[in-house]
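from the sequence below, what's the structure:
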Amino acid sequence: MINNSLEIYLDHAATTAVDPQVLEAMLPYFSEEYGNAESLHTKGQNARMAVDKARETVAKALHCQATEIIFTSGGTESNNLAILGVAHANEKKGKHLIASAIEHSSARSPFNKLAEEGFEITWLKVDKEGFVNPTDVAASIRPDTTFVSVMYANNEIGTVEPIAEIGKICREKGVIFHTDACQAADSQSLDVEKLQVDMITINASKIYGPKGAGALYVKQGTPLSPQILGSSHEQGFRAGTHNVPGIVGLGKALELATKDQSEKIAKLTALRNKFIKGILEKIPNSSLNGPNPFDAKYSNTICPRLPNNTNFTFKGVEGPDLVLQLDNLGIYISTGAACNIKGSKPSNVLLSIGLPKELIQNSVRMTLGKMTTDEEINHVLEVLPPLIAKMRNRY
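Numbers count the residues shown, from 1 in each chain. I've put the predicted structure just below:
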């Protein structure tokens, strides 16, 4: 018997619920300790101490200095600050930049803007699973290259890139290396020295923290031009009154994300694999986009895919239609990046891995979270096959 009373959220790549412990940490800074963190009086200094504590917490998670953390309004601002800030600060040194073809739109857009300003962008191709080849990075670096950006883990197909290898190449070549870790922060190492990165983007809303809060790690000595002007906040790199509740929430969320991480990853990976296996076995003409954990080449190693990510193509079924049909059943999924959902263009990520345009519209993303249960996965595996069959018959 199918239980239609369940409400199942499988869109954690778009955003996550705020963890109760995060909310508890944030609450006092809305209406009790509401001071401006730049004010000299007690209320202001109480807020300042909360910001400083959060900065120390984020720095601890990244194994860096607290002074290397810049608080922002989220992943989009962090990416814009990193890309535009470094490009403009190093313009006289060189105007050649490198990025992967599957970057999030918050990275692609600033790169496109820089191209309009006269910068030259090399877009690194990816293979059919979404991987950037480090040797391609090395081959693309020129004397006038100043910046490389490769996202840590892809938001649509979950591919975890070889960031440490790319970082080593960039460091040897003396090129600034940035990675967007918005999707990776909840399950991957953020140790900046092991990764050999100069900049990392973090977004609180992807790790059970509040929306509108993020951070950018900037290695000491990295040239950077501020993109928001008006005051000397954040060491002069980001003007604007501190979002104290959001910053506190980000700190707490990242603290929780790095706690008992291996245990949480093991649970999510097991559920993800069960889900993938069930979908591919029960639904004909279905395929998985991105690395497949059941591929023989991953039999003796960990599949480099986010533990909560699945992205399927169901031939003959329109993705947006499936999203709405499942929504009626209380199951929430997406067709891909939430920020692009209103656009008519096919997914740049799926195009980049070679998926034909006619199949891209048949693709959906289903991403699990730390509260996803075995019962919920069983329910979706029970509901989805007959729904897909019904939709195919209708077409």
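
contact partners for residue 108?
Neighbouring residues of residue 108 by CB atoms under 8 Å, 6 or more residues apart in numbering: 99, 348. Heads up, the C-betas are built off the backbone N, CA and C, glycines and all.

so it: helix, strand or coil?
When the structure is split into helix, strand and coil by DSSP: H, G, I helix; E, B strand; the rest coil, residue 108 lands in helix.

how close does residue 249 get to residue 202?
The spacing between residue 249 and residue 202, counted by CB to CB, to the nearest Å, is 12 Å.

for the stretch 251-395 of the chain, which segments count as helices?
With DSSP state H, counting those that start in this stretch as the criterion, the stretch 251-395 of the chain has helices at 261-282, 319-327, 348-352, 357-360, 374-394.

quick check: angle from the first one to helix 374-394?
Right, helix 261-282. With axes from the mean of the first three to the mean of the last three CA atoms, to 10 degrees applied, the angle from helix 261-282 to helix 374-394 works out at 30 degrees.

the lowest-mean-pLDDT helix or strand in the chain - contacts with which helices or strands?
Counting by mean pLDDT, DSSP states H and E, the chain has its least confident helix or strand at helix 357-360, which shows a mean of 94. In terms of contacts (3 or more CB pairs under 8 Å, 6 or more residues apart in numbering; DSSP states H and E), helix 357-360 is packed against helix 348-352.

what does the helix it packs on rub up against?
Among residues not part of helix 348-352, those counted as contacts by CB under 8 Å, 6+ apart are 101-102, 108, 125-126, 130, 154, 156-157, 289, 336-337, 357, 360, 363.

with stretch 279-287 instead?
Outside of stretch 279-287, the residues within contact range by CB under 8 Å, 6+ apart are 288, 310, 312-316, 381, 384-385, 388.

which parts of it are buried?
Of all the residues in stretch 279-287, those buried under the rule 16 or more other CB atoms under 10 Å are 279, 283, 286-287.

among those residues, which are located in strands?
Residues of those located in strands (DSSP state E): 286-287.

could you dump the buried residues of stretch 279-287 to TSV with distance to residue 197 and pLDDT?
What follows is the buried residues of stretch 279-287, written out as TSV (distance: CB to CB, whole Å; pLDDT from 0 to 100):
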residue	distance to residue 197	pLDDT
279	34	98
283	39	98
286	36	98
287	33	98
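
in JSON lines: the buried residues of stretch 279-287, plus distance to residue 331.
What follows is the buried residues of stretch 279-287, written out as JSON lines (distance: CB to CB, whole Å):
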{"residue": "279", "distance to residue 331": "13"}
{"residue": "283", "distance to residue 331": "15"}
{"residue": "286", "distance to residue 331": "16"}
{"residue": "287", "distance to residue 331": "20"}
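
and the buried residues of stretch 279-287, which is closest to residue 28?
residue 279 (44.1 Å; CB to CB).

count of residues packed around the nearest residue to residue 223 once chain neighbours are set aside?
Once flanking residues are discounted, residue 223 sits nearest to residue 89: 3.9 Å by CB to CB, 6 or more residues apart in numbering. By the measure other CB atoms under 10 Å, the count of residues near residue 89 is 17.

ok, now the one 5 residues further on?
By other CB under 10 Å, 17 other residues sit near residue 94.

can you read off the pLDDT for the closest residue to it other than its chain neighbours?
Spatial nearest neighbour of residue 94, chain neighbours left out: residue 144 (3.2 Å); criterion: CB to CB, 6+ apart. On the pLDDT scale, residue 144 is placed at 98.

for residue 96, give its distance to residue 144.
To residue 144, residue 96 is 5 Å away according to CB to CB.
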